[in-house]
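Q: dropping a prediction and its sequence here:
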Amino acid sequence: MMNNINVCLICDENYFKFASVTVASILKNAKDDENLFFHIVNDGISENSKLKLSALNKIKKFKVRFIEVNKKDFEIFKQIKTFKHVSDATWYRLKLPSILNDIDKVIYLDCDVIVNVPLSVLFNIDLKDYYLAGVSDIDAPYSGYVNAGVLVFNLDLMRKNNIEDKFLNFALNKKDKITLADQEIINETLKNKIKLIFDKSLNVQSGIFYKRSYFTRHPKIIHYIGKYKPWSRVSLCYYKKNYFEYLGLTPWKKGKFELFIQKYIIEFLSYLKFIVKKPSFFLNPKFYAAIYKTYFRQDCTYFSADDFEVLILTKNRKKFLSEAIKSVLYQTVKGFKITVVDNGSDYDVNEVINKYENSNIKCFKQNKQVDVTENIKTAAELADRNYVLIMHDDDILHPQFVECVLYAIQNNNNVDVVCPKTVEFNSREKIKTKHYDKIKYQVLDREKFISKIFINKIGSNFVFPSVVYKKENIKNALSDIEIKKAGTIGDNVIMADALTKGVCVYIENPLYYYRNHKNQESKVLKLYNSEIISFLLFFKEKLNLNLYTKTVFNIFSYYRLIQLYKHFGLYNSSLFELKEQAYKCGALNDWGYAMFETYGLPFRFLNYLFKRKFQNVSHKKESLYVKGGFTQ
């Protein structure tokens, strides 16, 4: 299915050649299934320039229309004082809802922008009740203030609420106080109704060497801010070479000698002039920080929705499955793969899938019913993307789940595991989600990650179906013999084995909703003594690293044994027999055995003392619910 993408640029004859570089960069990086429609708003462009732009069809076929506006309609905005390098055309952006009255959604780009990724990454952002989406400005005065050079407009909603009139009223009332032209008008008028894009590489604002909004060697979209542009005689822009690469694809490309002068001689003279004018910049810590971030810090790898996959395990839960699929499809990021793994349901799962009419959802049916671990193993084998979520059919995802996970992976190196915060709910409760403008997370090494899994409360944070794994790691973890020994609780073993040489990113925002109901497998199934003992022995070995981890095991082995017994129950013995067997096998040491004999009083005292250290993630329910069922 083709993806129709509307793109708007605003320029005059003088800026048109720079706009063509923006267009060339978009076409160069577009996917085959992207239909690009360019809407160029202008106040007069020559036929010769229009003809030159059509030559870019050799890169990729596209459609373009030129919409000429009347300058007199914008005379009123000349009362507003702003920077000299800002042209009159910048005000046209404030009337896009009426200028582009036949489309509902559009990506707006300044003409000093180049694009290094497919624009579907931006266009597929779900705006819903937001007027627009953008990336935080480099000099944002407050959280949620976006840079106006790269925006996704919800034109339909803006027209319905007469936003153009509100822009004009704000401009006239604050004309003596406005300093940042239309950017300030947009941000102040639409405050709290602008969706903040977390991925800063989707608008890397680049000025001089140390003035960049995000330091990366893989910028997705580059916005050359400030007075001096790559084409200026005095040019101090970073990422200048990227601009000239795309310029070479246009009819305005420079000759080799001219390009050499522009890229090297002018750049050298520009920096020399800057040093003479501001020699104190050598004392600026930002300069040395920029050197480190640019040349020495390991850069993060580029990830997108194409690198992500959701697999839903299901069996005879038609209603729950429908809600789970709905929550996956309602993600703010689109384009990832979805597979439903059916473990012998007595109804046709495809009936549920087909009603959503989404080609990204596929179904795999097991030939025969298998146990939990084998079903997870099958799901992992089906995975073919870099990162995988294997969720249960009775759980729900927050609409920003994928967005936040990709942000965590993008902004940290060598991520093996991403653990979003989990919140329990029951079927009588209706989940009321809220939009997050900021993501809070911790980066955990292997030692801390395994410790948290071991001490964690069942059904709370660090539960298997809420965790995103690197594909190779989850496949390798599932081959561990200890998983089979741990049986029903083998998912904790999988989680611990999935983190190898990398790190775990624990996202503190609640993103995964874990349904608590009477037909849960954890409430239906019971455990064998051997499974609990194997579980404890596995973690005893994994936590035999240093004094901290050994202490974690010594203190919490008793707690974990009691917790598993209370949650699952046992098939073939009493709690007393389990305790004796665990002690003889070494799964419960003298410390744990002594606490057991004294009814756990010392443990409860120690648990109180160390609560902040070992259980710093609250397990209380979040107040995110209203009565009913799931809603988006």
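A: Cool, got the structure.
Q: where along the stretch 51-200 of the chain do the helices fall?
A: Along the stretch 51-200 of the chain, the segments classed as helices by DSSP state H, counting those that start in this stretch run 96-99, 120-123, 155-160, 163-173, 181-189.
Q: which residues touch the closest residue to residue 437 other than its chain neighbours?
A: Leaving aside its sequence neighbours, residue 437 sits nearest to residue 196 (CB to CB, 6 or more residues apart in numbering; 4.9 Å). C-beta coordinates here come from the backbone N, C-alpha and C atoms, glycine included. Applying CB atoms under 8 Å, 6 or more residues apart in numbering to residue 196 gives the contacts 133-136, 143-144, 146, 437.
Q: same list (the helices of the stretch 51-200 of the chain) but as a markdown table, adding distance to residue 245.
A: Below are the helices of the stretch 51-200 of the chain laid out as a markdown table (distance: least, CB to CB, whole Å):
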| stretch | distance to residue 245 |
| --- | --- |
| helix 96-99 | 29 |
| helix 120-123 | 20 |
| helix 155-160 | 32 |
| helix 163-173 | 36 |
| helix 181-189 | 28 |
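Q: looking at the ones you listed, which is closest to residue 342?
A: Among the helices of the stretch 51-200 of the chain, helix 120-123 comes nearest to residue 342, with 30.0 Å by CB to CB.
Q: neighbouring contacts of that closest one?
A: 3, 5-6, 31, 34, 105, 107, 133, 150, 152, 202, 220-221, 304-305, 335.
Q: can you give me phi and psi for residue 425?
A: Note on residue 425: backbone dihedrals following degrees, to the nearest 10 are phi -150, psi 160.
Q: how about the helices of the stretch 51-200 of the chain, which one is nearest residue 357?
A: Of all the helices of the stretch 51-200 of the chain, helix 120-123 comes closest under CB to CB, at 19.1 Å.
Q: model confidence over that closest one, on average?
A: The average pLDDT for helix 120-123 rounds to 88.
Q: how far is it from where the chain is centred?
A: 13 Å (CA atoms, centre = their mean, to the nearest Å).
Q: buried ones in it?
A: 120-123 (16 or more other CB atoms under 10 Å).
Q: in what helix or strand does residue 511 lie?
A: Secondary structure from DSSP states H and E places residue 511 in strand 503-516.
Q: JSON lines please, covering the buried residues of helix 120-123 and showing distance to residue 18.
A: Converted to JSON lines, these look like this (distance: CB to CB, whole Å):
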{"residue": "120", "distance to residue 18": "24"}
{"residue": "121", "distance to residue 18": "23"}
{"residue": "122", "distance to residue 18": "20"}
{"residue": "123", "distance to residue 18": "22"}
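Q: return the closest of these with respect to residue 362.
A: Relative to residue 362, the closest of the buried residues of helix 120-123 is residue 120; by CB to CB it sits at 20.2 Å.
Q: picking up where we left off before, quick one: closest of the helices of the stretch 51-200 of the chain to residue 414.
A: Nearest to residue 414, of all the helices of the stretch 51-200 of the chain, is helix 120-123, at 22.9 Å by CB to CB.
Q: so the protein: which segments form each domain?
A: Domain segmentation of the chain under automatic domain parsing yields 3-296, 368-525+598-614.
Q: now find how far off-centre the first one is within its chain.
A: When distances are taken as CA atoms, centre = their mean, domain 3-296 is centred 23 Å away from the chain's centroid.
Q: who touches stretch 106-113?
A: Residues outside stretch 106-113 that contact it (CB under 8 Å, 6+ apart): 5-11, 15, 18-19, 22, 39, 93, 96, 100, 115, 119, 122-123, 148-153, 155, 221-225, 229.
Q: can you give me the end-to-end distance of it?
A: 16 Å (CA to CA, to the nearest Å).
Q: coming back round to it: what's the closest of the helices of the stretch 51-200 of the chain to residue 360?
A: helix 120-123 (13.0 Å).
Q: convert the closest one to PDB, retaining C-alpha atoms only.
A: Listed next in PDB are the C-alpha coordinates belonging to helix 120-123 (Å, rounded to 0.1, in the frame of the first residue of the first chain):
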ATOM      1  CA  SER A 120       7.100   8.600   6.600                       C
ATOM      2  CA  VAL A 121       9.000   8.600  10.000                       C
ATOM      3  CA  LEU A 122       7.500  12.100  10.500                       C
ATOM      4  CA  PHE A 123       4.200  11.900   8.600                       C
END
